[in-house]
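Colleague: Pasted the sequence and its predicted model underneath.
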Amino acid sequence: MKGRQGTGRILLGFLAALVVGVILGSVVQTQLNMLALQELGVTIDIGTRLSATVHDLLNFGPVYAILFGAAFLLSQAMAAGVSRVIGPRFRGPVFALAAAAGLWVALATANALAPMPTLIAATRSHAGLAAMLATAALAGGLFARLSAYRPPSAGSHSTTSMVLCCLVVGVAWPSDPAKAQSEENYTVETVASGLEHPWSLAFLPAGGALVTERAGRLRRISDDGQLLEAPIAGVPAVFNDGQAGLFEVVLSPDFSGDRMIFLSYACDTEPANHLCVAKGRFDGEALADVTEIFRATPAKYGNAHYGGRMAWLPDGTLVVALGDGFDFREQAQNLSSHLGKIVRLNPDGTAPDDNPFVGREGALPEIYSYGHRNVQGLLYDSVEGRLIAHEHGPRGGDEINLIEPGNNYGWPVITHGIDYTGAMVTPFTELKGMEQPLVHWTPSIAPSGMTRYWADLFPAWRGSLLVGALADRSVHRVQLEGLRAKDSETLFKELGERIRDVVTGPEGAVYLLTDSPEGRVLRIVP
């Protein structure tokens, strides 16, 4: 009987400490995220703060319970063994230290395995990590106390039972609304295959095309549709890891005369890397006179959120989209950083004199717009004279925006998405002085690549944005009318492919790049 009582005491003590640790961890991470917003000048009232805290308990809490629970179980078992050896005098500190160490190992392991640099945003800073480890230590100390032997008394388990009733979990995801069948009949042709994560496609005026591979290779497709085996020589050194690699290729507006092409890519190494842009002269087989014209500052660690899309404006300036680096999302609001921005450059990489922040103290002159998360689609629509971009949200909150110079697009202060862990990035979806998207997707489709279709082969698609989707493995047709937009149709779902880029070909066909180790260039014709 005494043995069963001891086992029951330990089990109830463990569960009570686990629940307390999860609740404390969730509450602390919420307050740390709110503090990051406050440091950007955002006012958060007590009602909003409480609402965010409850949201995270219900949505982040279950995810954190799995991570923390596994670490807590192993660490407390080890602490029990150590405690038996050294005696009961240091029981509390041993269990507390083991819990904190266990959570640290669990977070480090999760960060190493997850595609993003840091899984739980609150632990991006040393202070945030220390605060989260402190909640684990408190849970460990509580377990040491609750599991220690003491003579039973009436109602001794009442507190434990009350704590166990505190955690109620519910997660609900809206289903993706069904889209209409395409108004156009089409045939899918394979132009090229065997490409390693193809990223961007640019057509050559004399025929054929250039295609980038994220691994760092620039390939040529001949005018008769053959993928040439040898990569084009002279491409700058590329940092290729995770999302990092060779991104966009665009031709100079005067390519027939100057033969210049521009490349965006990740450069340097994992501990300190950048989004870079270089230009070089293309002779049909190699690049010559390659020069780096832009390097985003400051350097960042990790291998995520580079942006990399580029587009020419009618005045001959180049706009380049940049990501926030994932762990550095608050930098999207910092005008002394390129992270989370769209920049506008002269062809030599200098900042045009009429950029919106030229001459402003503390602001980088290249910045054209800010408050972006990870821009993966960028185009200038010459028919209507508009610069259009789309960007990834976290779990939901993907956006299409009309880009105007000097405007703030909100990230991370406003968003319709939440973090991958279920935690709230921000309690706000709109604030004064921050632009609202034309369209946003929740759940996320992970948009990538985009064209505005004005050709004649598919009349029903004229004027629509065709937006590639990685997570949704499709292309979304978005109808634009002035400042209104509607996601009206999902195309090419039957391919089952992650779509990295969408391009209108010179003959009016639609070209798709599929994102995989054996990626393809596909041609869509009637």
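Modeller: Received the coordinates, thanks.

Colleague: Would you mind listing the residues in contact with the nearest residue to Pro405 once chain neighbours are set aside?
Modeller: Computed as CB to CB, 6 or more residues apart in numbering, the closest residue to Pro405 that is not its neighbour in sequence is Pro356, at 4.4 Å. Backbone N, C-alpha and C define where each C-beta goes, glycine included. Neighbouring residues of Pro356 by CB atoms under 8 Å, 6 or more residues apart in numbering: Ile367, Tyr368, Pro405, Gly406.

Colleague: How is the protein partitioned into domains?
Modeller: 2-164, 187-525 (automatic domain parsing).

Colleague: Tell me how many other residues crowd Arg259.
Modeller: 17 (other CB atoms under 10 Å).

Colleague: Show the pLDDT at it.
Modeller: Looking at Arg259, its pLDDT is 98.

Colleague: List the contacts of His197.
Modeller: Glu213, Arg214, Ala215, Gly245, Arg500, Asp515, Ser516, Pro517, Gly519.

Colleague: Apologies, that question was intended for Gly242.
Modeller: Pro115, Gly302, Asn303, Ala304.

Colleague: Going by neighbour count, list what's buried in stretch 309-317.
Modeller: Using 16 or more other CB atoms under 10 Å as the test for burial, stretch 309-317 gives Arg309, Met310, Ala311, Trp312, Leu313, Thr317.

Colleague: for stretch 342-361, that is, sorry about that
Modeller: Here stretch 342-361 shows Ile342, Val343, Arg344, Leu345, Asn346, Pro347, Gly349, Ala351, Pro352, Asn355, Pro356, Phe357 as buried, counting by 16+ other CB under 10 Å.

Colleague: Pick the one among these closest to Lys493.
Modeller: The closest of the buried residues of stretch 342-361 to Lys493 turns out to be Ile342 (CB to CB; 30.2 Å).

Colleague: how about the CA coordinates for the helix or strand encompassing the closest one, as PDB?
Modeller: Assessed by DSSP states H and E, Ile342 sits inside strand 341-345. Only the C-alpha atoms of strand 341-345 are listed here, as PDB (Å, rounded to 0.1, in the frame of the first residue of the first chain):
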ATOM      1  CA  LYS A 341      12.600  45.700 -46.900                       C
ATOM      2  CA  ILE A 342      12.300  46.300 -50.600                       C
ATOM      3  CA  VAL A 343      15.200  48.400 -51.900                       C
ATOM      4  CA  ARG A 344      15.500  50.400 -55.100                       C
ATOM      5  CA  LEU A 345      18.900  50.700 -56.800                       C
END
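
Colleague: Residues touching that strand, excluding its own?
Modeller: 277, 293-294, 296, 313, 317-322, 332, 351-352, 355, 364, 366-370, 372, 375, 378, 389, 403, 405.

Colleague: 7 Å instead?
Modeller: Residues outside strand 341-345 that contact it (CB atoms under 7 Å, 6 or more residues apart in numbering): 293-294, 317-322, 351-352, 355, 366-370, 372, 375, 389, 403.

Colleague: Report the strands that pair with it, each with its relative direction.
Modeller: strand 318-322 (antiparallel), strand 367-370 (antiparallel) (DSSP bridges).

Colleague: Thr429 against Ile414, yeah?
Modeller: Yes - judged on CB atoms under 7 Å, Thr429 makes contact with Ile414 at a distance of 5.7 Å.

Colleague: Could you check which of the two is surrounded by more residues?
Modeller: More crowded of Thr429 and Ile414, by other CB under 10 Å: Ile414, with 22 against 14.

Colleague: quick revisit: just the element for the residue nearest to Pro405, please.
Modeller: With DSSP H and E as the criterion, Pro356 is inside neither a helix nor a strand.

Colleague: Look at it and report its pLDDT.
Modeller: The model's pLDDT for Pro356 equals 98.
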